[in-house]
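Need a 3D model of the sequence below.
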Amino acid sequence: MTSIPLPPPPPPPGGVVAQAVDANGLVKLTRKDFQTKGDVRWCPGCGDYAILATVQRLMPDLGVPRENIVFVSGIGCAARFPYYMETYGMHTIHGRAPTIATGLNVTLPELSVWVITGDGDSLSIGGNHTLHMLRRNVDLKVLLFNNRIYGLTKGQYSPASEQGKITKSTPMGSVDFPVNPLQFALGAGATFVARAVDTEAKILLDVLTKAHKHKGTAYIEILQNCVVFNDGAWQDVRDNREQKPLSQLLLVDQQPMLFDGGKKGIGFDRQTMKPFVIDLAAEPNRKGEVLVHDETDPSGLMSHVLASFEYPKFPVPLGILKRETRATFDSLVVDQGKKAMEKGPGDLKKLLHAGDVWTVK
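Residues are numbered from 1 along each chain as shown. Alright, predicted model coming up:
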């Protein structure tokens with residue numbers, strides 16, 4: 001990665017203050033270096049604040065200079081994110097953040113490009129663009145803020161809203177079957193699929209750290225609350241402390257899928273191809289039946305099964321469901337360009353007059 005060392009700030013009157021530098025000679029950054037001076041304008045209590053704080057905490061540990069980081073957003077409450085990061089940023093148009101970010105990545109693959117989107121922005125008007133970003137495996141880190149509602153336009157139902165959801169645009173309840181973002185991503189062939197919760201900073205930080213290291217599209221659904229238009233959207237998974245041990249399944253690579261303090265586990269019947277819950281407190285001898293999580297399982301079977309889990313029948317999986325190594329879109333485009341250049345300079349006039357040509361009089 002090419003980068004320019006950040007210039008040190010001017011010394012205070014009376015002397016020079018020594019600054020800590022890393023192994024590459026770059027000034028060590030802190031969370032404060034990624035905080036803008038302007039006011040952060042989201043509704044009080046919005047889950048976006050928690051996500052912003054975690055991302056700002058993450059950035060200094062990545063070892064990437066600020067001038068090599070770009071946040072690209074679409075339209076929605078979450079789309080204000082680039083304004084609050086002291087990096088480069090682009091606030092684009094509705095649903096098209098993946099497209100613009102793809103162009104940026106292919107043109108300047110040395111950059112660390114993060115896409116900020118919401119369930120309305122990404123899964124509705126932006127669904128087609130999201131699909132092609134995922135299947136191409138563009139080297140982008142995508143944060144999907146999912147609050148199951150259109151917040152910026154004042155509370156209409158979104159593609160992620162549950163059936164029967166009463167909103168301003170569905171006064172009798174939504175009849176739509178909701179989109180499951182993780183199932184969508186897996187179906188599109190995403191190489192990194194994960195889920196976190198806005199206020200669960202430790203889990204979110206771990207997922208984002210691993211997403212940064214992943215080469216390709218890292219797609220992270222973040223369960224996020226909208227206190228004004230959809231408060232309690234993830235009540236059992238996010239807000240109910242007593243319920244969390246039963247409603248959350250923390251996935252750890254190569255570790256058993258246990259929840260409820262280790263008293264329950266996830267099993268899988270390979271004859272019926274159906275998952276089930278094992279009560280280990282009642283049947284401790286069945287511990288051997290508990291599935292061991294494998295992020296890199298080449299079959300991808302369990303990632304699809306886990307993505308389908310909904311509480312209360314099953315706990316909601318948090319962490320990385322799938323991680324796969326595959327060539328990235330930008331690397332393939334660059335390699336193709338090099339091969340084309342090896343053929344020598346082109347002739348535009350010859351190209352334009354190649355094949356069948358008609359003269360119109």
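
Would you confirm that Pro275 contacts Leu249?
No - taking contacts as Cβ atoms under 8 Å, Pro275 lies outside contact range of Leu249: 10.8 Å. Quick note: C-beta positions are derived from backbone N, CA and C, even for glycine.

who has more neighbours, these two?
Between Pro275 and Leu249, counted using other Cβ atoms under 10 Å, Leu249 has the larger neighbour count: 22 against 18.

ok, now which ones touch the closest residue to the more buried one other than its chain neighbours?
Among residues not flanking Leu249 along the chain, Pro315 sits closest, at 3.8 Å (Cβ to Cβ, 6 or more residues apart in numbering). Under the criterion of Cβ atoms under 8 Å, 6 or more residues apart in numbering, the contact partners of Pro315 comprise 246-249, 259-260, 309.

ok so, going back, mutual contacts of Pro275 and Leu249, please.
Counting by Cβ under 8 Å, 6+ apart, the shared contacts of Pro275 and Leu249 are 266, 309, 314.

Reformat those residues as JSON lines; add neighbour count.
Conversion of the shared contacts of Pro275 and Leu249 to JSON lines gives the following (neighbours: other Cβ atoms under 10 Å):
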{"residue": "Ile266", "neighbour count": "25"}
{"residue": "Phe309", "neighbour count": "17"}
{"residue": "Phe314", "neighbour count": "18"}
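
of all these, which comes closest to Leu58?
Of all these, the one with the least separation from Leu58 (Cβ to Cβ) is Phe309, at 26.7 Å.

Could I get the pLDDT score of the closest one?
As summarised for this prediction, Phe309 has a pLDDT of 98.

just to revisit the earlier point, among the shared contacts of Pro275 and Leu249, which are located in strands?
Ile266 (DSSP state E).

and which of the shared contacts of Pro275 and Leu249 is nearest to Asp330?
When the shared contacts of Pro275 and Leu249 are compared for distance to Asp330, the smallest value, 33.2 Å, is given by Phe309; criterion: Cβ to Cβ.

Read off the pLDDT value for the nearest residue to Ser158 once chain neighbours are set aside.
With Cβ to Cβ, 6+ apart as the measure, Gly120 is the residue that lies nearest to Ser158, at 4.3 Å, once sequence neighbours are left out. You'll see Gly120 listed with a pLDDT of 92.

now the one 10 residues further on
On pLDDT, Thr130 comes in at 97.

Tell me who's in contact with it.
Listed by Cβ under 8 Å, 6+ apart, the contact set of Thr130 reads 95, 98, 117, 122-123, 142, 184, 188.

Please apply the same query to Leu144.
If you count contacts by Cβ under 8 Å, 6+ apart, Leu144 has them with 117-119, 122, 181, 219-222.

among those residues, who's most crowded?
Result: Ser122 is most packed of those (other Cβ under 10 Å), 34 neighbours.

pretty sure it contacts Gly74?
Yes - when contacts are counted by Cβ under 8 Å, Ser122 is listed as touching Gly74 (7.2 Å).

what residues are shared contacts of those two?
Shared contacts of Ser122 and Gly74, defined by Cβ under 8 Å, 6+ apart, comprise 95, 97.

what helix or strand is Phe184 on?
Here Phe184, judged by DSSP states H and E, is contained in helix 181-187.

Can you show me the strands along this protein?
Along the chain, the segments classed as strands by DSSP E run 69-73, 88-91, 112-118, 141-146, 192-197, 218-223, 248-250, 258-259, 264-269, 274-279, 316-323.

Go through the ones you listed and name the closest to Gln163.
When the strands of the chain are compared by Cβ to Cβ, strand 141-146 sits nearest Gln163, at 16.1 Å.

Thanks again, I'm all set now.
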